[in-house]
Every structure is written in C-alpha cells, then in structure tokens.
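Novice: What follows is a predicted structure for the sequence shown.
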Amino acid sequence: MDADVIVIGAGAAGLAAARSIGPRTLRVLVLEARDRIGGRVLQHRVTRIATPAELGAEFIHGPAERTKALLREAGGAAIDMGGDSWIGESGELQRNDDNFSSSARIFGGSRSLPSDESVERFLKRFEDDDALRETARAARAFVEGFEAADPQVASAQAIADEWESGADSTSARPLGGYGPLFELLRNDCEAAGVCFAFSTRVRRISWHRDGVAVDVSSLGESKTLRARAAIVTLPVGVLRHRGDEAEISFEPKLPAAKREALAHIEMGHVVKVALWFRTSFWERVGRGRYHNAAFFHIDGQPIPTYWTQLPVRSELIVAWVGGPGAVALYGLSQAELVEMALLGFGQLLGEVELARGEFEGGLTHDWSGDPLARGAYSYVAVGGGNARAALAAPVGESLFFAGEATSSDGQGGTVNGAIETGERAAAQAVAALGVKGIA
Ligand SMILES: Cc1cc2nc3c(=O)[nH]c(=O)nc-3n(C[C@H](O)[C@H](O)[C@H](O)COP(=O)(O)OP(=O)(O)OC[C@H]3O[C@@H](n4cnc5c(N)ncnc54)[C@H](O)[C@@H]3O)c2cc1C
C-alpha cells in the first residue's frame with residue numbers, strides 16, 4: 001500500500017479533503033497533474049500592483065462560512081465589494097445598481113411545470129409579457145454571465161433549486177486574493193504528514209471492495225499506486241472528456257447512476273482577461289464619474305463585462321464573458337483576447353486612445369482548452385435535477401467524490417462549495433475506513 005487514502009487533485013476540494021484527514025493516523029497521498037496547488041484558483045502577481053490578477057476564482061459568493069473561517073485562520077479577511085455599477089452603450093453608461101441576480105427569481109415558476117425545461121424555452125414564454133420581458137432578458141444574461149451556462153442546455157428547475165436553497169450572488173473578495181488561504185491548506189497538510197506528488201497525472205482508477213489501484217504517469221514514467229480508498233476531485237470536464245483520448249478511465253466502469261449524473265452536468269465556459277495600466281485612469285474619466293465604479297457592463301460587445309478591484313484601489317481591470325459568448329471566442333490567441341478586452345474597455349469609457357496610452361499588460365488563461373479543467377465551472381443540464389447529489393455519492397467503500405460539481409446545496413461552481421465537498425468526502429472516507437478497522 002502506498003497510502004491509506006489517495007486524493008486526486010490539489011484544488012480547493014482536494015486540499016480541503018487532505019487537510020481534514022491529515023491529522024488522523026491515516027497516510028494521505030495527494031496526486032496532482034499540475035506542478036502547483038490551486039487548480040482553478042490561479043494568481044498572477046504584477047509587480048507594483050496592489051492586487052493579484054486572479055485568472056480563475058476571485059470572488060466569495062454568498063455566506064461561504066468555511067472560506068471565511070479559513071481566511072481568518074490564514075490571517076486574512078473577506079472584504080465586501082461595494083462600489084457602483086454602470087451599464088449601457090459605448091460612452092453613455094448609466095448608473096444601475098439593480099442586483100441583476102434577483103432576476104433569477106423568475107425561474108421559481110419553473111418548479112410548477114410538469115417537467116424540466118431549458119432556460120431558453122422557459123424564458124421564451126415571457127417574450128410577449130410587458131411586465132416580465134425585461135426581467136426575463138436579465139435572467140438570461142445572468143445565466144450566461146454568472147452561471148457561465150448555455151441557456152439552450154441549462155436546466156431552469158436546477159437554477160430555481162439553487163436559488164431556493166440559499167445561494168446568492170452577494171460577493172466579497174479575499175483581501176490579497178485566494179493565495180494565502182490555499183497556502184494555509186497546503187501548509188496544514190504538510191504539517192500533518194500529507195504527501196504531495198505533483199506533475200503526476202492519473203490515467204486509470206481501478207476500484208474494488210477493499211481498495212483502489214491508481215495508474216499514473218509522472219515525468220515520463222508510468223506506475224501504479226495502491227490505497228484503501230481514493231477521493232476523486234477531478235473537474236467534470238475532465239471526467240466527461242472523451243475526445244481522442246479520455247483523460248481518465250475507471251475499471252470497472254462507474255455505476256450507471258454515476259454515468260447518468262455525469263451526462264447531466266456540463267462545464268460552463270468563461271473568458272476572463274486581466275488588464276493592467278499605468279494608472280487607474282478610468283477614475284478620472286468624465287470628470288470623475290467612474291471614481292467609485294466596481295462594475296461596467298456594455299451590451300452588444302464580444303466582451304461585455306469589466307470590473308475594478310474596489311474596495312482596493314488598483315490599476316487592474318478584469319474583463320469577462322461567460323456562456324455562449326465565451327464559446328464564440330474559442331480559438332483566439334491570448335494576444336487577440338487581450339487586445340479585444342483593451343479595446344472593449346476603452347470603447348465603453350469612450351476613451352480608446354487614453355486606454356491604449358495607459359495600457360501596460362494583460363493576461364488570460366484558457367480554461368476551456370486546459371486539459372486539466374476543460375471549462376470554468378459546472379452547471380446542471382435539463383433533466384439533471386439530482387445529478388450533483390448522484391455525482392457526490394460514494395461508490396462502495398473505496399471510491400469517494402468531491403469537487404465543486406458535487407456540491408448539491410446551491411454552491412456548485414464555487415470555491416466554498418468545493419471546500420465543503422472535500423471535507424464531506426474526507427468524513428465519508430474516514431468513516432468507511434473506520435468500518436474496516438483502519439481509522
Ligand atoms: C475563470 C474562473 C472564474 C471563477 N470565479 C469564481 C469566483 O469568483 N468565485 C468562486 O467561488 N468560484 C469561481 N470559480 C470556480 C472555482 O474556481 C472552482 O469552483 C473551484 O476552484 C473548483 O475547485 P475543485 O477542487 O473542485 O476543482 P479544481 O480546482 O479544478 O481541482 C481539481 C484538480 O485536479 C487536477 N487534475 C485534473 N486532471 C488530473 C489528472 N488526470 N490527474 C491528476 N490531477 C488532475 C487539476 O489540475 C486540479 O488541480 C471560477 C472558475 C474559473 C475558471
């Protein structure tokens with residue numbers, strides 16, 4: 001046996017799982033294909049700029065108690081965002097502080113339908129409704145921009161359920177970014193004797209009643225590692241990928257209920273570009289009207305949403321498009337996306353030349369093309385009502401599942417959801433090993 005528990009993936013879920021098993025007498029081994037921790041949390045530090053560019057997760061959504069507690073342990077804090085929102089057309093932005101996520105309440109009506117419908121189909125019924133047409137339009141934009149989902153595929157009932165179960169889009173940020181929280185998780189793991197194997201790609205998981213054998217390739221070498229249990233935290237995009245070569249296979253195949261669940265959870269797509277400038281020049285544009293701007297949204301642009309780092313004043317702007325708008329940008333190079341974001345930001349301010357003159361650099365990460373993610377975060381497809389819970393269910397006493405997609409209490413797609421699922425799967429694994437007299 002190479003370990004009692006093998007944890008596959010060193011993102012939020014994997015680190016949280018390993019950390020909560022670590023202090024016990026069990027031997028824990030974390031296998032990670034990248035050469036770093038964090039998974040879909042990835043910072044880029046620009047010298048001189050106060051805030052890191054978060055190329056993956058950036059905000060803390062909803063109450064997120066576990067994240068906030070860990071931040072406190074790491075000596076950090078969550079800070080509320082505040083600031084103004086501006087929306088509209090080029091050079092003519094208007095203040096609009098409506099919480100656009102409140103439009104998602106419209107999906108509550110889908111619960112009384114005889115069967116689930118796609119977001120697209122559900123919202124179509126409001127096209128001729130003068131009172132609700134605008135709410136329906138905002139709800140569609142919310143599904144694309146916030147859930148990163150394709151309205152033709154996303155389940156209206158799943159969105160209603162997630163909102164009913166207490167998810168909300170009130171947002172805070174970890175002061176100084178997510179880095180310190182992830183370092184805390186890693187340091188606690190190491191202090192508890194958890195071993196990490198980086199640049200170690202899992203290819204096959206063979207599972208049976210008493211344990212698992214995990215085939216990995218690491219720096220050109222293949223080997224098989226054995227443990228009494230495995231916690232799989234792989235992104236759904238990786239688990240589902242079939243292409244030329246599947247990333248992962250299970251032996252025997254996963255049970256039908258698990259495969260069915262995977263078929264109903266999709267990866268949402270996002271293009272997120274960080275831009276940094278010589279000064280925060282937008283604060284001076286229009287005689288300072290955008291001095292307290294947090295969000296900008298401009299309709300009809302390939303990249304429609306931009307945000308500042310308020311309440312921290314910084315020279316960093318983040319550009320964002322989610323859902324089909326992000327898919328439409330597939331194939332563009334990093335340089336083309338940075339140029340598109342810079343132009344879009346200049347245009348929304350009506351200050352293209354000023355933006356160019358102030359521009360220092362930009363960066364993006366291609367999450368959809370990243371073979372270790374294959375998308376940004378998950379959403380539930382039509383008819384996938386309990387797919388997240390089914391994906392979370394253990395298989396026998398040796399195979400456990402965690403990761404944002406397995407979060408079934410409205411926190412799918414978030415860091416906090418991933419952390420909680422890691423801790424849940426760790427408790428399940430420990431209990432199962434206890435049954436076998438190991439814990
Ligand atoms: C652009 C973007 C913006 C986001 N914004 C936010 C936000 O503001 N707030 C928020 O809460 N969430 C946000 N998210 C979502 C959040 O990042 C994820 O929900 C969370 O980080 C997922 O954690 P995880 O542990 O489930 O998965 P991951 O972080 O993906 O961890 C899985 C790990 O498995 C590894 N792996 C993959 N394949 C293999 C293999 N074959 N062998 C070994 N290891 C493998 C991966 O490298 C990865 O490290 C965002 C995501 C993206 C991409």
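Specialist: Happy to help now that I have it. Residues are numbered from 1 along each chain as shown.
Novice: Which secondary structure element comes immediately after the biggest strand by length in the chain toward the C-terminus?
Specialist: When the chain is parsed with DSSP state E, its longest strand is strand 221-232. Following strand 221-232 in sequence order, the next helix or strand is helix 236-240 (DSSP states H and E).
Novice: Could you tell me which residues of the stretch 1-150 of the chain lie near the ligand?
Specialist: The stretch 1-150 of the chain comes close to the ligand at residues 8-14, 31-34, 39-41, 56-59, 61, as judged by CB under 6 Å from any ligand atom. Where you see a C-beta, it was placed from the backbone N, CA and C, and this is true even at glycine.
Novice: Quick one: residues contacting the residue nearest to Asp116 when sequence neighbours are not counted.
Specialist: Once flanking residues are discounted, Asp116 sits nearest to Gln157: 4.5 Å by CB to CB, 6 or more residues apart in numbering. Each residue near Gln157 by CB atoms under 8 Å, 6 or more residues apart in numbering is listed here: 107, 110-111, 113, 116-117, 385.
Novice: Okay, and Gln157 sits in which element?
Specialist: Per DSSP H and E: helix 156-164 holds Gln157.
Novice: Show me what counts as buried in that helix.
Specialist: Residues of helix 156-164 classed as buried under the neighbour-count rule (16 or more other CB atoms under 10 Å) are 156-163.
Novice: now, which of those sits nearest Ser398?
Specialist: Ala158 (29.6 Å; CB to CB).
Novice: Tell me, what's the model's pLDDT at the closest one?
Specialist: Listed pLDDT for Ala158 reads 95.
Novice: what about the residue lying closest to it once chain neighbours are set aside, which SS state?
Specialist: Nearest residue to Ala158, sequence neighbours excluded (CB to CB, 6+ apart): Val380, at 3.6 Å. Under DSSP: H, G, I helix; E, B strand; the rest coil, Val380 falls in the strand class.
Novice: How about the contacts made by Val380?
Specialist: Val380 neighbours (CB under 8 Å, 6+ apart): 154-155, 158-159, 264-266, 387-388, 412.
Novice: hmm, 10 Å instead?
Specialist: Going by CB atoms under 10 Å, 6 or more residues apart in numbering, Val380 touches 116, 147, 149, 153-155, 157-159, 161-162, 261, 264-266, 386-388, 405, 408, 412-413.
Novice: And it, how close does it get to the ligand?
Specialist: Note on Val380: its distance to the ligand, by CB to the nearest ligand atom, to the nearest Å, is 14 Å.
Novice: Looking at the contacts of Gln157, state which has the most neighbours.
Specialist: Using other CB atoms under 10 Å as the neighbour test, those are led by Phe107, with 27 neighbours.
Novice: doesn't that residue fall inside a helix?
Specialist: Yes. Secondary structure of Phe107 (three-state DSSP): part of a helix.
Novice: State the number of residues packed around the residue in the stretch 151-300 of the chain that the ligand sits nearest to.
Specialist: Going by CB to the nearest ligand atom, the ligand is nearest to Val202 of the stretch 151-300 of the chain, at 3.6 Å. Neighbourhood size, Val202 [other CB under 10 Å]: 24.
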